[in-house]
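Asks: Show me the folded form of this:
(2 chains)
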Amino acid sequence: MTTTTPVRPVTFSTLTLVEWRKQLDTRSGRWLLATIAIITVGVLAIMVAVNGGNHSFGAFLVATTTPMAILLPIVGVMAATSEWSQRTALVTFTLEPRRTRVGLAKVLSAVGSGLALLALAVALAALAHLLVVSLRDADPAWDVTVQNVAYLALSVVLFMAQGVGFGLLLRSTPFAIVTLLVLPTLFGVVGGLVPGMADVLPWIDLGTAGEPLLFGSTLDGEGWARLATASLLWVVAPLAGGLWRVARSEITSS
Amino acid sequence: MITVEHLTKRYGPVAAVDDVSFTVEPGHVTGFLGPNGAGKSTTMRMISGLTPATSGSARVLGKPFSALTNPGRRVGVLLDAGAQHSGRTGREVLTLAAMMTGVDRRRIEATLDVVGLTEREAARRVGQYSLGMRQRLGIASALLGDPEVLILDEPANGLDPAGIRWMRDLLQDFASRGGTVLLSSHLLREIEQVADRLVVIGRGRIVAQGTKDELLQQAGTVVRSTDDAALAASLRDAGHGVEVVATGGLAVDAEPLDVGRVAAATGVVLAELRAADSRGLEELFLELTADDAREHARTEVAA
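Replies: Just a heads-up that it's a prediction; the model follows:
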């Protein structure tokens, strides 16, 4: 009652830090991140073992990105959906009624987790390459550029924002994950079957438009434009819709 | 201070909360009483800014809840003790709230102490907690920010009688230091022990409000005499409502003093004369909310 310390507003950095902690302070959250790290290590170990281990740094790095591309959005999804599946939204949004800030803090903290895992993947890929060069006599090929890593970092941002967006929009963990994994693929396959879609598809299919980010090629002007339009559809739209839904909907305990 | 004015929430054609107005004053524990589904939780969610109102307004400390700066430091809210991540420990739940509101982490120990959760219990995951422990954790997280106002939805649910007594002492102490408390319950017995003011809601509308004593007075007087039939006739002549109690005596819609005067004038010897006790309040509560109760039809037949 007697307010001894002055009441300071809840800053965005505080919110982000709290959201980040919430990703890590449960067993399910820790396991999800640990699983991604373990799979990354596993993929690298297999590559070191088979084919004489003769792979470049770049090849090792590309190999780690596929599991990350599938699993990282799930981190974003869970950051959002756990508020509803575990019913913590009631507490979260009474402590911070500005709900859009909470949503954005979730995106930023998920991006933080994703970039940390990316840094780990780069370090592990370098280590794997060092191992095959020194122990298995592979040809040294340190062919990863700053651009490659920057592209990967951008893809992490897109994955995470997309995951949080689908999570906020759909609110159910399994529903959001399945939708996130199946819908873009289905979209690409069905789109490919429709004649006349072939020209449009690279502009609206994030899988196609985002490929250069993951596999080390360079994006030209048109490539960036394609990435922008596809991201608008698959990242910005669901995130904006999710934030909008959270901001105006009723928060109940069931 | 909580001010609710003409608050209404409609879900399609159904008004879950219908033109509700009341104030919760500092220095008192105000009980929000009503049967399940009467609109208590919806009202409390609207006060806490979680449910948008169809019309009307709710202000806490003079502002809409969502306009409060760092609301966790001004208002302690417990809307559902079960709404905690089952995978977090009790201590972690409080740590997150402390980080968010900028409270010194040392307050966590103090608050755990206040609600009677041990170090060991705080280190267990919430999924393993009993409902009573969840309530204590929920009250701890409401108290953590050292707020001026407490909003608690069914906090006594799952507490044993000793726990309810503990909560009464805690809330009365909080109110005596100038705090504002609004707590809801669907059980009169529970709220009667804890609150000194009551707001009674039924089918989304306020049906009674006032101090507990006022509402008790409304419940009337119980009287027994050597000649109940004569006394009843005189009381009716004096314009008071009289009901013959099956177990003997009369229930009168008047104050004990007025009943005593009528008895004296009639020359009837009194065997018992007292204000109707909580049973009177219970009857009032049942009557006020009868429209919503399933027992309605049965009561009608019995009467």
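Asks: all helices of chain A, in order?
Replies: A:12-24, A:27-49, A:57-85, A:89-95, A:99-135, A:146-170, A:173-193, A:201-204, A:206-214, A:221-231, A:237-248 (DSSP state H).
Asks: Switch these over to TSV; also include mean neighbour count.
Replies: To be clear about C-beta, it is placed using only N, CA and C from the backbone, and glycine gets the same treatment. Shown next, in TSV, are the helices of chain A (neighbours: other CB atoms under 10 Å in any protein chain shown):
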stretch	mean neighbour count
helix A:12-24	19
helix A:27-49	16
helix A:57-85	22
helix A:89-95	23
helix A:99-135	20
helix A:146-170	23
helix A:173-193	15
helix A:201-204	18
helix A:206-214	20
helix A:221-231	16
helix A:237-248	18
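Asks: Out of the ones you listed, which gets nearest to B:Asp173?
Replies: helix A:89-95 (23.2 Å; CB to CB).
Asks: Packing partners of the closest one?
Replies: Helices and strands touching helix A:89-95, by 3 or more CB pairs under 8 Å, 6 or more residues apart in numbering or on different chains; DSSP states H and E, are helix A:99-135, strand B:75-78, helix B:90-101.
Asks: Throw these into a markdown table and include mean pLDDT, thanks.
Replies: Putting those into a markdown table (pLDDT from 0 to 100) gives the following:
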| stretch | mean pLDDT |
| --- | --- |
| helix A:99-135 | 93 |
| strand B:75-78 | 97 |
| helix B:90-101 | 96 |
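Asks: Save the ones you listed as a markdown table, and put in distance to B:Gly145 too.
Replies: Formatted as a markdown table, the helices and strands packed on helix A:89-95 follow (distance: least, CB to CB, whole Å):
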| stretch | distance to B:Gly145 |
| --- | --- |
| helix A:99-135 | 17 |
| strand B:75-78 | 6 |
| helix B:90-101 | 5 |
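Asks: out of these, which comes closest to A:Leu201?
Replies: Between these, helix A:99-135 lies closest to A:Leu201; by CB to CB that is 26.6 Å.
Asks: May I have the residues that are in contact with B:Ala140?
Replies: For B:Ala140, the contact set (CB atoms under 8 Å, 6 or more residues apart in numbering or on different chains) comprises B:Gly90, B:Leu94, B:Thr111, B:Leu112, B:Val114, B:Val115, B:Leu117.
Asks: cool, and B:Ile108?
Replies: B:Arg91, B:Leu94, B:Thr95, B:Ala98, B:Leu144 are the contacts of B:Ile108 under CB under 8 Å, 6+ apart.
Asks: and it, helix, strand or coil?
Replies: helix (DSSP: H, G, I helix; E, B strand; the rest coil).
Asks: Please determine how far it is located from A:Asp205.
Replies: Distance of B:Ile108 to A:Asp205, given as CB to CB, to the nearest Å: 50 Å.
Asks: what about the closest residue to B:Ala123 other than its chain neighbours, distance to B:Gly82?
Replies: The shortest distance from B:Ala123 to any non-neighbouring residue, by CB to CB, 6 or more residues apart in numbering or on different chains, is to B:Thr89 (5.6 Å). Separation of B:Thr89 from B:Gly82 (CB to CB): 16 Å.
Asks: more crowded one of these two?
Replies: More neighbours surround B:Thr89 than the other of B:Thr89 and B:Gly82, with 21 against 17 (other CB atoms under 10 Å in any protein chain shown).
Asks: Just the pLDDT for the more buried one.
Replies: pLDDT for B:Thr89: 95.
Asks: Correct me if wrong: it contacts B:Arg124.
Replies: Yes - under the criterion of CB atoms under 8 Å, B:Thr89 makes contact with B:Arg124 at 6.2 Å.
Asks: measure B:Leu235 to B:Pro35 for me?
Replies: Taking CB to CB, one finds B:Leu235 at 32 Å from B:Pro35.
Asks: what number of residues lie near B:Gly260?
Replies: B:Gly260 has 15 nearby residues by other CB under 10 Å.
Asks: in what helix or strand does it lie?
Replies: Using DSSP states H and E, B:Gly260 sits in helix B:256-266.
Asks: other SSEs contacting that helix?
Replies: Using 3+ CB pairs under 8 Å, 6+ apart, helix B:256-266 sits against strand B:221-225, helix B:228-237, strand B:270-275.
Asks: Identify the neighbouring strands of the first one in the sheet and state each direction.
Replies: It stands for strand B:221-225. strand B:250-252 (antiparallel), strand B:270-275 (antiparallel) (DSSP bridges).
Asks: these two touch, right, B:Ala53 and B:Arg45?
Replies: No - taking contacts as CB under 8 Å, B:Ala53 lies outside contact range of B:Arg45: 9.8 Å.
Asks: Neighbour count: the two, which is higher?
Replies: Using other CB under 10 Å, the more surrounded residue of B:Ala53 and B:Arg45 is B:Arg45, with 27 against 22.
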